[in-house]
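S.K.: I would like the atomic coordinates for the input below:
(chains A and B)
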2 protein chains.
Amino acid sequence: MIKKISPLAPKNFPKLPLVKGIRMGTAKSGTKYKGRRDIFTAVFEKGTTVAGAFTQSDIRAEPVEFCKKNIIDGSARVLAVNAGFANAFTGKKGKKINKSITSNIKKIVKCREKDIFICSTGVIGENIPLRPTNKAISQSLKISENKWESAAKSIMTTDTFPKAIGRKILIDNKEVSLVGIAKGSGMISPNMATMLAFIFTDALIDKTVLQTLLNIELRNSFNAITVDSDTSTNDTVLVFATGKAMDDKNERIISRTSDSRLIKFREAFSEVMHDLAIQIVKDGEGAKKLIQIKVSGAENTSSAKEIARSIADSPLVKTAVGASDPNWGRIIMAIGKAKEKINPKKISLKIGSNTIIKDGEISRSYSESRTKKYMKGKDILLDINLGLGNSFSQIWTCDLTEGYIKINADYRS
Amino acid sequence: MIKKISPLAPKNFPKLPLVKGIRMGTAKSGTKYKGRRDIFTAVFEKGTTVAGAFTQSDIRAEPVEFCKKNIIDGSARVLAVNAGFANAFTGKKGKKINKSITSNIKKIVKCREKDIFICSTGVIGENIPLRPTNKAISQSLKISENKWESAAKSIMTTDTFPKAIGRKILIDNKEVSLVGIAKGSGMISPNMATMLAFIFTDALIDKTVLQTLLNIELRNSFNAITVDSDTSTNDTVLVFATGKAMDDKNERIISRTSDSRLIKFREAFSEVMHDLAIQIVKDGEGAKKLIQIKVSGAENTSSAKEIARSIADSPLVKTAVGASDPNWGRIIMAIGKAKEKINPKKISLKIGSNTIIKDGEISRSYSESRTKKYMKGKDILLDINLGLGNSFSQIWTCDLTEGYIKINADYRS
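M.R.: Residues are numbered from 1 along each chain as shown, chains lettered A, B, ... in the order given. Down below sits the predicted model:
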């Protein structure tokens, strides 16, 4: 299958800062993907803290179980990622695969098992071919390079472009960097977190604060996107903080979320998380349009979120947007099927700045031709006000096109 | 748009029995669909009982509200159906439209407003053009014919074939008939009932028994199907019993569900309900395969149902089946995302008679090529055993193909 790059992809891979305290490497295992790198490893200097969030599916891949166990300790030395095989639902072999990979890593990097984080992505149910994978992991661990693009590319599966973003900020007059990479395109409807995303920083932050920041930012990033309503068995977000940009004798580790030194960092961290999540939607399988769904005027946030998700996951809404058709009745249908508190007579709906429904009635100023023209664009806003309260939620998704069917009929076989 | 007839459509329209006590008619309103009949009416003799089930969406079309009110009384004289406009989310005009239609009907058939049942299907948010619709309703009410095919065709929207089924049985040595017609193709994920379905019988059954039978049979018919996970604002099932096959002086009306005279009738009624529901799935937008999903070994029925529905609504499972790809990891994924009680180590999975997973491990006898060959067929069974208890549920859906996208991008605009 020849992949067409998503029309929503950024023109260029971004320029990213150096994150101190990390050695990275990539390699080719030659297993699922021929002629491209499919292994990514990072080795962190001692003292690196880590936070994580994982799929809420009841069928979790072996690497997820492994990382969930290790995240408790909160310290990290090695991250190893393979693309092509999910190591999910692999029965007794699944644990053995992790064991073999960690033994291999420990031979090269002297560290405890709980300092190792393994992530896998790809087809569910197939076993990772161990010999070539371990060989490639060994190779990559011996490399020390600063090639974010190579790293972001090596973790791709059905992705059509590598996803990354970086920020620089000052903490105590020290320049601190933040870089995130992610992969994801289908099986995207997160429950707590989604797909694979790795964020690296050289700020000096303890594991508890790091975990709190991650939990807070999930809501408007990886938990606010859906491509196809399907939830991966392997969804993982990991944040690593090496501390090496601030690591001198006068530096105090940030150990309180309320620490004023965090203000700029939190802003940057929020941007990185949100941007990675949106990049995943922009690479949604077959996507031609990014759709933002705002639901305001709800009785409570959870109700706003459920209604936004019901619209975002409706195949009829998504195909209408794909066809630039202001078939707003389908949006109304999706509000109705959410089974949340609504009053049809109080609903208002705008597509972009075009008012369609005001207080349950079609607006006199509604122009279908003007709305259709707006919908021919690549960024579509569906703006719903329920007219019941002050709560708000938003979610991002993409349109449903023939490309989605093509990709998912072809993938694997 | 030229519609290709579903490859799952029956070869011929079935031969259907006469149902005594009904005068039917169809007509062309010339509004949405040019050159075809889009109005269907039936006039019932006095004494006809009626039962109904309706969408559970919180946004209900005006005709649904109207029928829900009238069903309480349980007697029927007129059914009037229009295709092309849903009369849903039409604000204050919605009620006026119903008022105008009923006034028009009452001029021709002398009856009470609560003996009239109106059903609409089509685009949400657009108003029914009243003058041509009322004119066509008047025309059709003056016709008396026995053309089930014409009736079934007149209520179609994105359907590619007319849906009908009939049965004859004996009650007290009297020949009693049952005929059902239905329409539905997209926006199909019922909550209590779905799309439009009308069942007619000349058995003599009171309204309470009729309603009980309908409620019971919904579970394995209209409530056990999904095409696209979207729920219509207009879903309605109505059952009319004229009593005219049994209507002589010695006949007692069936007024208890336990009446032994009902045994054969219930069997036939169940077949009619189930068959109509399956015909809707077979005409699912873009459908090339019928998928039956059985979930057994669950702790309770509701859990089995939720898991079956999670699989049935997964676009990734549906595209894999469409491509005849035994990508069983996606079925496992969909089990996991349902958030119901499971134990991955106890799950077994068969596709047709091909065992893939036994007690959480891939079966030694699993043959991908044999399974792929089976999946090239038109009838696909996904058979899951959770290994936890004795509860069972099943659901029918169809594959997700490029046809779905084409139909739903084209529809309306």
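
S.K.: State the helix or strand in which the residue in chain A sticking out farthest from the centre lies.
M.R.: Distance from the C-alpha centroid of chain A, by C-alpha atoms, centre = their mean, peaks at A:Arg364 (40.8 Å). Here A:Arg364 sits in a region with no helix or strand, counting by DSSP states H and E.

S.K.: For it, give its distance to A:Ile384.
M.R.: As judged by C-beta to C-beta, to the nearest Å, A:Arg364 and A:Ile384 stand 19 Å apart. Backbone N, C-alpha and C define where each C-beta goes, glycine included.

S.K.: Now do the end-to-end distance for stretch A:202-211.
M.R.: 16 Å (C-alpha to C-alpha, to the nearest Å).

S.K.: I meant to write stretch A:7-15 there.
M.R.: Stretch A:7-15 has its terminal residues 21 Å apart, counting by C-alpha to C-alpha.

S.K.: Return the set of buried residues in that stretch.
M.R.: A:8-9 (16 or more other C-beta atoms under 10 Å in any protein chain shown).

S.K.: just the helices in chain A please.
M.R.: With helices called from DSSP state H, chain A shows them at A:62-71, A:91-108, A:130-141, A:148-154, A:207-218, A:263-282, A:301-312, A:315-322, A:329-337, A:368-375, A:402-410.

S.K.: Send me the last one as PDB with only the CA atoms.
M.R.: This means helix A:402-410. Written as PDB, here are the backbone C-alpha positions of helix A:402-410 (Å, rounded to 0.1, in the frame of the first residue of the first chain):
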ATOM      1  CA  GLU A 402     -13.200   6.500   1.600                       C
ATOM      2  CA  GLY A 403      -9.600   6.600   2.600                       C
ATOM      3  CA  TYR A 404     -10.500   5.300   6.000                       C
ATOM      4  CA  ILE A 405     -12.000   2.200   4.500                       C
ATOM      5  CA  LYS A 406      -9.100   1.700   2.100                       C
ATOM      6  CA  ILE A 407      -6.500   1.900   4.800                       C
ATOM      7  CA  ASN A 408      -8.300  -0.400   7.200                       C
ATOM      8  CA  ALA A 409      -9.100  -3.000   4.600                       C
ATOM      9  CA  ASP A 410      -5.500  -3.000   3.400                       C
END
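
S.K.: now what about that helix, what contacts it?
M.R.: With contacts defined as C-beta atoms under 8 Å, 6 or more residues apart in numbering or on different chains, helix A:402-410 is touched by A:1, A:4, A:158, A:186, A:228, A:284-288, B:315-316, B:319-320, B:322-323, B:325, B:400-402, B:404-406.

S.K.: got it, and the first one?
M.R.: When contacts are defined by C-beta under 8 Å, 6+ apart, helix A:62-71 is touched by residues A:50-52, A:54-55, A:60, A:87-88, A:90, A:94-95, A:97-98, A:113-120, A:233-236, A:238.

S.K.: ok, now stretch A:137-151?
M.R.: By C-beta under 8 Å, 6+ apart, stretch A:137-151 touches A:13, A:16, A:18, A:23-27, A:37, A:39-43, A:78, A:80, A:82, A:101, A:104-105, A:107-109, A:162, A:164, A:166, A:179, A:181.

S.K.: what sits against A:Gly297?
M.R.: By C-beta under 8 Å, 6+ apart, the contact set of A:Gly297 is A:346, A:348, A:384-392.

S.K.: Are any of those residues buried, and if so which?
M.R.: Buried among the contacts of A:Gly297 (16+ other C-beta under 10 Å): A:348, A:384-388, A:391-392.

S.K.: Could you identify the most distant pair in these?
M.R.: Greatest spacing in these, by C-beta to C-beta: A:Ser348 and A:Ser391 (15.3 Å).

S.K.: how close does A:Thr319 get to A:Ile405?
M.R.: From A:Thr319 over to A:Ile405 the distance is 11 Å, taken as C-beta to C-beta.

S.K.: for A:Met375, same thing?
M.R.: Distance of A:Met375 to A:Ile405, computed by C-beta to C-beta: 21 Å.

S.K.: These two: which has the busier surroundings?
M.R.: Set A:Met375 next to A:Ile405 and count neighbours by other C-beta atoms under 10 Å in any protein chain shown: A:Ile405 wins out with 26 against 21.

S.K.: Break chain A down into its domains, please.
M.R.: Chain A breaks down into these domains under automatic domain parsing: A:22-282, A:290-410.

S.K.: Quick one: end-to-end length of the longest one, please.
M.R.: Spelled out, it's domain A:22-282. Using C-alpha to C-alpha, the two ends of domain A:22-282 sit 29 Å apart.

S.K.: of all the contacts of A:Gly297, which comes closest to A:Ile293?
M.R.: A:Ile384 (7.4 Å).

S.K.: Tell me what that closest one is bridged to.
M.R.: Applying DSSP bridges to A:Ile384 gives these bridge partners: A:Val295, A:Leu349.

S.K.: How about the contacts made by it?
M.R.: Going by C-beta under 8 Å, 6+ apart, A:Ile384 touches A:293-297, A:307-308, A:311, A:331, A:335, A:347-349.

S.K.: Enumerate every residue touching A:Ser177.
M.R.: A:Ser177 makes contact with A:17-20, A:166-168, A:201-202, A:245 under the criterion C-beta under 8 Å, 6+ apart.

S.K.: ok, now how distant is the residue nearest the centre of chain A from chain B?
M.R.: When C-alpha atoms, centre = their mean is applied to chain A, the residue found nearest the centroid is A:Ala277 (4.4 Å). As judged by C-beta to the nearest C-beta, to the nearest Å, A:Ala277 and chain B stand 19 Å apart.

S.K.: Fine by me, we can end here.
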